[in-house]
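how does the following fold in three dimensions:
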Amino acid sequence: MNLTARLYATAVITLVATGIAVPARAAEAAAPSRPPALPQSGSGPAAFAYLCANPKDPDKSPTGACDTWRLVTANGTIFSVPEAVAWEKSRDSYEDGIRSFAISPDGTRVAYHRARDDRVVVRELSSGKSWTTPYQVPTGSPASPLTLKFVRDGGQLTILAGDAEVTTLVDVEAGTARRMPKGWAVLDADPDTGRITLQERSGMNVGAFRTVGGGRTVTAKIPVYARKHFIWGSFAARDGRAANLVPKEPPACGPDMTPVWLAVFSTRTGKMTTVKPRLPADVYRADVIDWLSPQEIVAAAGRERPGKTPDTTVGSYVYAVNVTTGASRLIAKLSTSEEVYRNSLAVGGYTTRPDRPAAGKLAKPGKRGCE
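Numbering: from 1, shown residues only. Just a heads-up that it's a prediction; the model follows:
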């Protein structure tokens, strides 16, 4: 099955992490049906969420039965989340209208922009308990395209508004919110020590790290290049170290986002070490999304597929990559027979997956970027 394949008569969710293929709701090929709404409690941990492209829509936008987030649990059950803002049609053709949905690393909590009162909420799937954050933004406003991300576990959440460069760090259960300096994004926040690691973005450059804690603030410039390759894309930090998968070419060049280096930095000094990531040769892009342990980072990847089968969406393959050796192992393969709208795939639940060897037939890498 492939993330960009058209809808078959029976939707199938394949979770390689648990080694199962679970048949989901039956649906007609030309008209996807809306799954049942997420129950108030007892739904179990989540694996991923996505927006489907409506094959009847001229632009294949997530309209009709595709107008809600689809949440997939670890056992393959699919639910819709009707109270979450999923997509807003934009007058600007350059805006895709996708609204953020986040899943905690252990899959027990989700976060989204609630439609009925414009609040950002965090919901615990097993108990049904929810927390309303102090953050509110009107749907349809320039600030509405929020970016939501859990920090470490499900206890903290970062919120970035679409029209601002200010990140808000929320303590979910305490109900408190803290605004970060303008232009600085939160990479890590240690709830025990209070230490926060930030990253400054400066145009296309990745900027600098800033560590705040213990009454001290330390800033370190991030190198522009790793072995002559431009450093680009997402960082994840934990306990004084940050990681990034460096692409072969910058985005202006095609782009060719094939990961060529796994760069690990000291967030206090900026000192960098590099290792070749030993991912499958047909991985065309991989983004660091978290640290799994002091030895491994979590990478959300997309792979080319053999023959005429479309490439998979970034995040459909989740790998753990060793920061010393570059060795990788597959944590999960996430797929649905519905076409995923514009890479709208939210990944979570990866900290509780059992170990599985990498699987799947390799495709011959095609021409990428400026080759």
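
hang on, residue 162 packs against residue 146?
Yes - look at residue 162 against residue 146 with C-beta atoms under 8 Å: they come within range, at 6.7 Å. Backbone N, C-alpha and C define where each C-beta goes, glycine included.

more neighbours, these two?
residue 146 (21 against 15; other C-beta atoms under 10 Å).

which residues in the stretch 1-150 of the chain form strands?
Counting by DSSP state E, counting those that start in this stretch, the stretch 1-150 of the chain has strands at residues 10-15, 20-26, 46-52, 69-73, 78-81, 101-103, 109-113, 119-124, 130-136, 147-151.

need those strands in a markdown table (columns: mean pLDDT and distance to residue 295).
Below are these laid out as a markdown table (pLDDT from 0 to 100; distance: least, C-beta to C-beta, whole Å):
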| stretch | mean pLDDT | distance to residue 295 |
| --- | --- | --- |
| strand 10-15 | 34 | 24 |
| strand 20-26 | 31 | 28 |
| strand 46-52 | 95 | 24 |
| strand 69-73 | 96 | 28 |
| strand 78-81 | 96 | 34 |
| strand 101-103 | 97 | 23 |
| strand 109-113 | 96 | 26 |
| strand 119-124 | 96 | 29 |
| strand 130-136 | 91 | 32 |
| strand 147-151 | 95 | 20 |
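
out of those strands, which is closest to residue 275?
The closest of these to residue 275 is strand 147-151. By C-beta to C-beta, the value is 25.3 Å.

which parts of the closest one are buried?
Using 16 or more other C-beta atoms under 10 Å as the test for burial, strand 147-151 gives 148, 149, 150, 151.

and what of stretch 110-121?
Of all the residues in stretch 110-121, those buried under the rule 16+ other C-beta under 10 Å are 110, 111, 112, 113, 114, 118, 120, 121.

how long is that stretch end to end?
Stretch 110-121 has an end-to-end distance of 8 Å (criterion: C-alpha to C-alpha, to the nearest Å).

contacts only, for residue 113.
84, 85, 99, 100, 119, 120, 137, 139, 144, 146, 148 (C-beta atoms under 8 Å, 6 or more residues apart in numbering).

what's the most distant pair in those?
Using C-beta to C-beta, the contacts of residue 113 span at most 14.7 Å, a distance reached by 139 and 148.

residues touching the nearest residue to residue 344 once chain neighbours are set aside, list them.
Computed as C-beta to C-beta, 6 or more residues apart in numbering, the closest residue to residue 344 that is not its neighbour in sequence is residue 51, at 4.1 Å. Shown in contact with residue 51 (C-beta under 8 Å, 6+ apart): 62, 66, 69, 70, 86, 87, 98, 340, 341, 342, 344.

tell me what the third one is bridged to.
The residues paired with residue 69 through beta bridges, assigned by DSSP bridges, are residue 81.

and it, how many residues sit next to it?
For residue 69, using other C-beta under 10 Å, the count is 28.

any regions of the stretch 101-250 of the chain where pLDDT drops low?
Within the stretch 101-250 of the chain, the segments meeting pLDDT under 70 span 139-145, 163, 202-205, 250.

residue ranges of the helices in it, please?
Under the criterion DSSP state H, counting those that start in this stretch, the stretch 101-250 of the chain contains no helices.

okay, the buried residues of stretch 110-121 in a markdown table with distance to residue 168 next?
Shown next, in a markdown table, are these (distance: C-beta to C-beta, whole Å):
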| residue | distance to residue 168 |
| --- | --- |
| 110 | 18 |
| 111 | 12 |
| 112 | 15 |
| 113 | 13 |
| 114 | 16 |
| 118 | 15 |
| 120 | 9 |
| 121 | 14 |
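
how far does stretch 88-108 stretch from start to finish?
27 Å.

now do stretch 318-331
Using C-alpha to C-alpha, the gap from the first to the last residue of stretch 318-331 comes to 5 Å.

now that stretch: buried residues?
318, 319, 320, 321, 322, 323, 328, 330, 331.

tell me what the nearest residue to residue 295 once chain neighbours are set aside is bridged to.
Nearest residue to residue 295 in three dimensions, chain neighbours excluded: residue 322, at 5.8 Å (C-beta to C-beta, 6+ apart). Note on residue 322: beta-bridge partners by DSSP bridges are residue 296.

okay, residue 322: pLDDT?
Note for residue 322: predicted pLDDT of 98.

for residue 238, see how far away it is.
Distance, residue 322 to residue 238, using C-beta to C-beta, to the nearest Å: 15 Å.

how about residue 291?
Residue 291 sits 4 Å away from residue 238, going by C-beta to C-beta.

that older thread, reformat the strands of the stretch 1-150 of the chain as a markdown table; add distance to residue 296.
Compiled in a markdown table, the strands of the stretch 1-150 of the chain are given as follows (distance: least, C-beta to C-beta, whole Å):
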| stretch | distance to residue 296 |
| --- | --- |
| strand 10-15 | 20 |
| strand 20-26 | 24 |
| strand 46-52 | 19 |
| strand 69-73 | 24 |
| strand 78-81 | 29 |
| strand 101-103 | 19 |
| strand 109-113 | 22 |
| strand 119-124 | 26 |
| strand 130-136 | 30 |
| strand 147-151 | 18 |
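
residue 191: which of these is closest?
With C-beta to C-beta as the criterion, residue 191 lies closest to strand 147-151 of these, at 8.8 Å.

which parts of the stretch 251-371 of the chain are strands?
259-266, 272-275, 283-293, 296-303, 317-322, 328-335, 340-347.
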